[in-house]
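# with the input below, show me the fold.
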Amino acid sequence: MMSFAVGLSAGFLRADGRPAFPDFDLLPLERDPEIALRRLPPRGGLIAAEDTAGLDALILLGEAFTAASIAADGRLKLVARFGVGFDKVDTAACSAAGIPVSITPDAVRRPVAVAIIALMLALACRLPEKDKLARLGAPGFARRSEAMGVGLEGRVLGSLGLGNIASEMFRLAAPFGMRFVAHDPYADPARAVALGVEMVGLDALFESSDVLAVNAPLAPGTHGIVSAGRIGRMKRSAFLINTARGALVDQAALAAALVQGRIAGAGLDVFEPEPPAPDDPIFAAPNVIAAPHGLSWTDQGFAAIGAACIAAVQAIRAGRSPAHLANPEVLTAKPRFTR
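Okay, here's the model as predicted:
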C-alpha cells in the first residue's frame, strides 16, 4: 500500500536542522506507519513543483505557493497553511487544480487578539517611555510625569473588520469599559449585536476611534485601505494597531503622521515590506511599538496551529473536508470567516 506523503515546508527547520517551532507536535504524523513525512528544501521562500511531486498533502509555513508550485502528477490533495493569512497562496490556481487550502482561524484567534490588547495597553500606558525612564534611576523617576498615560474607560475601540480575531479582541476588551465600533461590509449583524459593537462607515471608523485595530484580510480591495487620507481623519490622540498585514497600511503616510504628531502612536507587528529595512522611516517615530511579525507567537498558539494543520491532513486522508478552507468552492463548502 502506498504511503500517504506529507511535506513540511523548509521554514519548519532551522539552518542547523533543529525544529524551528518545537511546540508543533508532529508525533501524530511521525507515529503513523502509513504516513511518510518529507521536509522540503529551502528555495528562497518559494515552493517548487519538484517539491510537491509525490506529495498528498503539504503543511505550508510562510513560503509562497503559486501555480508553478503544483506538480504535474496531480497527487496533491491539500495545502494546509500554518496560520490564517493566505495572501502568499494562489488559491485560484489551487482551486483550478482541485486542491483545498486549509487555514487555522480557531488556533490564531486568541493569540492575535491578545497581541492587539498588549499593544493597546503598552501604547496607552506609554510603556516603552516609562521603561527608559526607569533605567535612568533618580533622574528618570523625577521625569515620570512627562510620560502620562491614557485611560481607556469610555474611549472608543474600533476595528477594521469584524471576523474571528476582531470578535475575540472585543470580548477580551469588555472589562475596560470602552465603546466598540467596527466597519466590515461582510459582517454578520447578529455577531455585532452580540458583541455590543456599533457598525459604522469607513470614514466614521477612522474619525471616531481612540484605538483603531486593523483586522482585515489582505485582498485586492483592501490593499492600502489605511491610506494617507484616512489616517488624516484620525484624532491626534488616537492609536493605530496593525497585527494583520503590512500592506493594508500606507506605511510611509503612517510614518509621516507619527513623526509630525498627527496621531499619538502606533503598535505594529506587520510591515510593508517585510522585513523592513532598519532605516525605514517608520522607526524614526518615537511613538511606535514594533514587533517582528511574531507578537502572537506563543507556545500554546503554535501547538494549536500545528494540531489544526494535522487535523486537516487527517481529514483529507480520511476523505473528509477540513474544517476551514480558504477556497471552499473547491469542495462546494460554505465560506467561513478567515480573520
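# Pro19 and Glu30: what is the separation?
As judged by C-beta to C-beta, to the nearest Å, Pro19 and Glu30 stand 12 Å apart. In this view, the C-beta of every residue, glycine as well, is placed from N, C-alpha and C.
# next: Ser296.
Distance, Ser296 to Glu30, by C-beta to C-beta: 26 Å.
# with neighbour numbers in mind, choose between the two.
Neighbours per residue, other C-beta atoms under 10 Å: of Ser296 and Glu30, the larger number sits with Ser296, 22 against 10.
# you'd agree that one is up against Asp269?
Yes - counting by C-beta atoms under 8 Å, Asp269 is a contact partner of Ser296 at 7.2 Å.
# all helices of the stretch 151-300 of the chain, in order?
For the stretch 151-300 of the chain, the helices defined by DSSP state H, counting those that start in this stretch cover 164-173, 189-195, 202-208, 228-231, 251-259, 299-317.
# residues in contact with the first one?
Helix 164-173 is contacted by residues 84, 105-106, 108-110, 112-114, 116-117, 120, 157, 159, 180, 182, 184, 191, 195-197, 213, 215, 243, 337-339 when judged by C-beta atoms under 8 Å, 6 or more residues apart in numbering.
# what's the closest non-adjacent residue to the residue nearest in space to the middle of the chain?
The centroid of the chain falls nearest to Ala244 when counting by C-alpha atoms, centre = their mean (4.2 Å). Leaving aside its sequence neighbours, Ala244 sits nearest to Val214 (C-beta to C-beta, 6 or more residues apart in numbering; 4.9 Å).
# tell me the contacts of Asp250?
Asp250 touches Gly224, Val226, Ser227, Ala228, Ile231, counting by C-beta under 8 Å, 6+ apart.
# burial count for the last one?
In this case it means Ile231. For Ile231, the neighbour count with other C-beta under 10 Å is 22.
# correct me if wrong: the residue nearest to the centre of the chain contacts Leu212.
No - contact criterion C-beta under 8 Å: Ala244 and Leu212 do not qualify, at 12.0 Å.
# which non-adjacent residue is nearest Glu198?
Val181 is the one closest to Glu198 (C-beta to C-beta, 6+ apart), at 4.9 Å.
# ok, now Arg110?
Excluding the flanking residues, the one nearest Arg110 by C-beta to C-beta, 6+ apart is Glu168, at 5.9 Å.
# count the neighbours of the one you found for me.
Number of residues near Glu168 (other C-beta under 10 Å) recorded here: 21.
# looking at it, Pro276 is touching Ala284, isn't it?
No - Pro276 is beyond contact range of Ala284, at 11.7 Å (criterion: C-beta under 8 Å).
# okay, these two: which has more neighbours?
Shown here are Pro276 and Ala284; by other C-beta under 10 Å, Pro276 has more neighbours (18 against 12).
# ok, Arg236 - contacts?
Gly261, Arg262, Ile263, Ala264.
# filter those to the buried ones?
Arg262, Ile263, Ala264 (16 or more other C-beta atoms under 10 Å).
# tell me which of those is nearest to Cys125?
The closest of the buried ones among the contacts of Arg236 to Cys125 turns out to be Ala264 (C-beta to C-beta; 12.6 Å).
# for that closest one, which non-adjacent residue is closest in space?
Distances taken as C-beta to C-beta, 6+ apart place Ser237 nearest to Ala264, at 5.1 Å, with adjacent residues excluded.
# and the one you found, how many neighbours does it have?
Counted with other C-beta under 10 Å, Ser237 comes out at 11.
# thinking it is in contact with Gly151, fair?
No - look at Ser237 against Gly151 with C-beta under 8 Å: they stay out of range, at 11.6 Å.
# Ala122 is in what secondary structure piece?
Applying DSSP states H and E as the criterion places Ala122 in helix 105-124.
# quick revisit: can you say which of the helices of the stretch 151-300 of the chain is packed in most?
Most buried of these, by mean neighbour count (mean count of other C-beta atoms under 10 Å): helix 164-173, with a mean of 23.
# any idea how far it is from the chain center?
Distance of helix 164-173 from the chain centroid (C-alpha atoms, centre = their mean, to the nearest Å) equals 14 Å.
# for stretch 225-241, same thing?
20 Å.
# start to end distance for stretch 131-146?
One end of stretch 131-146 to the other measures 13 Å (C-alpha to C-alpha, to the nearest Å).
# offset the numbering so it begins at 509, please.
New numbering, starting at 509: the last item is stretch 639-654.
# what sits up against that stretch?
The contact list for stretch 639-654 (C-beta under 8 Å, 6+ apart) reads Lys638, Ala655.
# and Asp718, how many residues sit next to it?
With neighbours defined by other C-beta under 10 Å, the count for Asp718 comes to 21.
# check contacts around it.
Val658, Arg663, Val664, Leu665, Gly666, Met686, Lys743, Ser745, Ala746, Phe747.
# look up how far Ala615 lies from it.
In this view, Asp718 and Ala615 are 30 Å apart by C-beta to C-beta.
# state the mean pLDDT of stretch 633-642.
For stretch 633-642, mean pLDDT is 96.
# typo on my end, it should be stretch 554-563
The average of the pLDDT scores along stretch 554-563 is 97.
# one more: stretch 675-694?
98.
# same thing with stretch 522-537?
Over the span of stretch 522-537, the pLDDT mean works out to 92.
# over to stretch 711-726?
Throughout stretch 711-726, pLDDT has a mean value of 97.
# so where's the chain shaky on pLDDT?
The chain contains residues with pLDDT under 70 at 509, 840-847.
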